[in-house]
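Asker: predicted coordinates and the sequence they were generated for:
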Amino acid sequence: MIPSKIRGLRLWLSDKIRPADPPADPDPEIYNLALGKTYSEYWSNLARDRETAYFAVAGKPFGEPATEQSLDQHGEASARIIARKLAVAKDDRVLEVGVGVGRLAKSMAPLCRHFTGVDISARMVEISRERLAGLENVHLLALDSSGLGRFPAGCFDKVYFQVVLIHLDREDVFHYLEETFRVLRPGGRAWFQFYNLLHPGGFREFCHAVEFLVARGDKLRGRVQCLTAAEARKFVAGAGFQLREDLSHLAEKEQQFDFEIPDRDWEFYLIAVAEKP
């Protein structure tokens, strides 16, 4: 039986996502150079209030400004997909890197024994603590750098990055993959999500960064960045992982998902599900 919230998403998809409407221009707020030169400054400035923080992590769920209810519903759909791909179990120790406002964590944490969420923005973590206060198995931390150095080797069973690596320079992406390999136990599984440069939607996001930033003489930490499927495969293998082809979606251009996509951005996702040997 499909949960009612997921059923509602499927109905919304049929009405709202499938038509080939022209994509909206990006909100200029997220391309504002005044947001800062570091990842921490960028995301903390976007999290200056809840309304802006919610937009930064989820855009407009179901085409409308986020409410607590729509944010949770939007996050639940993604969390269920990730949990299924990672085979999250009740005794697992799960890490979400880029927890944001707890959009996915609220649905993921009840599925495991211990949930850890980290974010480069202390303000995002504050909002998550408020939103997840009723969940006793949740531990939230603000990172002081790009990496997972505060965690010992082999301390997690599952790790996932959702709408996080797309905002990082590729050197930082690879570093996080290496760090994920280190903190996973042998046999542990990870989810890495990227934007696909070779898909029209991914290339459009790439062009937005050129138009709104590079063409104006600067770049911005936190801007959307894209990879090709070949690059994603190279990064995953280079970090030491064994790619689970049966669980991943790394076709060169168009993905054939084995689930209903929660929103239109998923059309240009690359998803690598990998295991530590």
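Answerer: Here it is on my side, so go on.

Asker: from here on, contacts and neighbour counts on C-alpha atoms
Answerer: Will do.

Asker: excluding chain neighbours, give the residue nearest to the spatially most central residue of the chain in space.
Answerer: Nearest to the geometric centre of the chain sits Q162, at 1.7 Å (Cα atoms, centre = their mean). Leaving out its chain neighbours, the residue that sits closest to Q162 by Cα to Cα, 6 or more residues apart in numbering is Q193, at 5.6 Å.

Asker: not counting its own residues, what contacts the helix or strand containing that neighbour?
Answerer: For Q193, the host element (DSSP states H and E) is strand 184-195. Residues from elsewhere that reach strand 184-195 (Cα atoms under 8 Å, 6 or more residues apart in numbering): 82, 85-86, 153-166, 180, 202, 225-228, 232, 268-277.

Asker: so which of the residues you listed are in helices?
Answerer: Those of the contacts of strand 184-195 mapping onto helices are 82, 85-86, 180, 202, 232, per DSSP state H.

Asker: of these, buried ones?
Answerer: Among the ones in helices among the contacts of strand 184-195, those scoring as buried are 82, 85-86, 180, 202, 232 (criterion: 16 or more other Cα atoms under 10 Å).

Asker: let me see the confidence value for E64.
Answerer: The model reports E64 with a pLDDT of 88.

Asker: how near is it to V236?
Answerer: Using Cα to Cα, to the nearest Å, E64 is found at 35 Å from V236.

Asker: still on that earlier bit, tell me which of the ones in helices among the contacts of strand 184-195 is nearest to N45?
Answerer: The closest of the ones in helices among the contacts of strand 184-195 to N45 turns out to be G202 (Cα to Cα; 25.2 Å).

Asker: nearest residue to that closest one other than its sequence neighbours?
Answerer: For G202, ignoring the flanking residues on the chain, the nearest one in space by Cα to Cα, 6+ apart is N196 at 5.0 Å.

Asker: so that neighbour is in contact with A251, correct?
Answerer: No: counting by Cα atoms under 8 Å, N196 stays clear of A251, with 9.5 Å between them.

Asker: neighbour count for these two, which is higher?
Answerer: More neighbours surround N196 than the other of N196 and A251, with 31 against 15 (other Cα atoms under 10 Å).

Asker: run through the bridge partners of the nearest residue to V163 once chain neighbours are set aside.
Answerer: Using Cα to Cα, 6+ apart and skipping the chain neighbours, the partner closest in space to V163 is Q193 (6.5 Å). Beta-bridge partners for Q193, by DSSP bridges, are I271.

Asker: for stretch 116-127, the distance to its chain's centre please.
Answerer: Distance, stretch centre to chain centre, for stretch 116-127: 14 Å (Cα atoms, centre = their mean, to the nearest Å).

Asker: and that stretch, how far apart are its ends?
Answerer: 15 Å.

Asker: tell me the mean pLDDT for that stretch?
Answerer: The model assigns stretch 116-127 a mean pLDDT of 98.

Asker: contacts for it?
Answerer: 39-41, 43-44, 47-48, 50, 53, 93-102, 105, 138-146.

Asker: need the overlap of contacts for N196 and A251.
Answerer: Contacts common to N196 and A251, judged by Cα under 8 Å, 6+ apart, are 229, 270.

Asker: CA atoms only: put stretch 203-211 into CSV for me.
Answerer: Provided in CSV are the C-alpha atoms of stretch 203-211 (Å, rounded to 0.1, in the frame of the first residue of the first chain):
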residue,chain,number,x,y,z
PHE,A,203,23.3,22.0,-18.5
ARG,A,204,20.7,24.8,-17.8
GLU,A,205,21.8,24.9,-14.2
PHE,A,206,25.4,25.2,-15.3
CYS,A,207,24.6,28.0,-17.7
HIS,A,208,22.8,29.9,-14.9
ALA,A,209,26.1,29.9,-12.9
VAL,A,210,27.9,31.3,-15.9
GLU,A,211,25.3,34.0,-16.6
